[in-house]
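In: only the shape, not the letters, is given here:
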């Protein structure tokens, strides 16, 4: 700075954003060792989840999800890769369900006991359902009727909504599209999906797509 020339402060949002992003990138790997160290968790928590942690199981990941949520991570995805049963579907589904049931029940219980469930939305879903008819001793991919469930975050507990036809093939009662699910989740996050749009190829494109969608208020408290 030349003598006699006052210093000016320049607030450049691009520079501020790059600094913030770089600092976040640094904090992410440096915080992982503490996050993954579950040795301080009490025994009753391990018994609740059915894992000692660190074993790569779905239950262990559910425990890590709670620890991530405690540390302010906004979006957490747990993935079970072994649901694609095209053969021996009855036996395989029973085994896979056993692998996820305790961990998911524990996660809901744990969050509720810590007063975190009201501010946390749990979505349990899949990319599609399964056909009601057999494919040998398995079932094929199916998108016309399948089930999702939600917990916490203002969703109404302890009830079911909608139904399929008598064959379990088409959703016929209180149909909810994927776009409706997105609109409802955005609403619970304080975002109006009808206003969050941008012009693209002549269409008012939204996070919920260009199709009609609605907030499914019947699912909410």
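Out: Received, thanks. None of the values given here were measured: they were computed from a predicted structure.

In: dump the residue contacts of the spatially most central residue of the chain.
Out: Centroid-nearest residue in the chain, with CA atoms, centre = their mean: residue 123, separated by 4.7 Å. Contacts for residue 123 (CB atoms under 8 Å, 6 or more residues apart in numbering) come out as 148, 150, 181, 185. Every residue, glycine included, has its C-beta placed from N, CA and C.

In: with residue 102 instead?
Out: Under the criterion of CB under 8 Å, 6+ apart, the neighbours of residue 102 are 49, 50, 59.

In: among the residues you listed, which ones are in strands?
Out: Within the contacts of residue 102, no residue falls in strands by DSSP state E.

In: select from those the one having the most neighbours.
Out: Using other CB atoms under 10 Å as the neighbour test, the contacts of residue 102 are led by residue 49, with 27 neighbours.

In: that one and residue 110, how far apart?
Out: 8 Å (CB to CB, to the nearest Å).

In: between those two, what contacts are shared?
Out: Taking CB under 8 Å, 6+ apart as the criterion, residue 49 and residue 110 both touch residue 63.

In: which residue ranges form the helices in the chain?
Out: For the chain, the helices defined by DSSP state H occupy 13-36, 43-49, 58-70, 89-113, 178-188.

In: I'd like those helices as a markdown table, with distance to residue 139 appended.
Out: Below are the helices of the chain laid out as a markdown table (distance: least, CB to CB, whole Å):
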| stretch | distance to residue 139 |
| --- | --- |
| helix 13-36 | 37 |
| helix 43-49 | 30 |
| helix 58-70 | 22 |
| helix 89-113 | 5 |
| helix 178-188 | 20 |
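
In: so which of the ones you listed gets nearest residue 198?
Out: In terms of CB to CB, the element of the helices of the chain nearest to residue 198 is helix 178-188, at 14.9 Å.

In: buried stuff in the closest one?
Out: For helix 178-188, the neighbour count (16 or more other CB atoms under 10 Å) marks 179, 180, 181, 182, 183, 184, 185, 186, 187, 188 as buried.

In: same deal with stretch 16-29?
Out: Using 16+ other CB under 10 Å as the test for burial, stretch 16-29 gives no buried residues.

In: let me see the mean pLDDT of it.
Out: Here stretch 16-29 scores 92 as its mean pLDDT.
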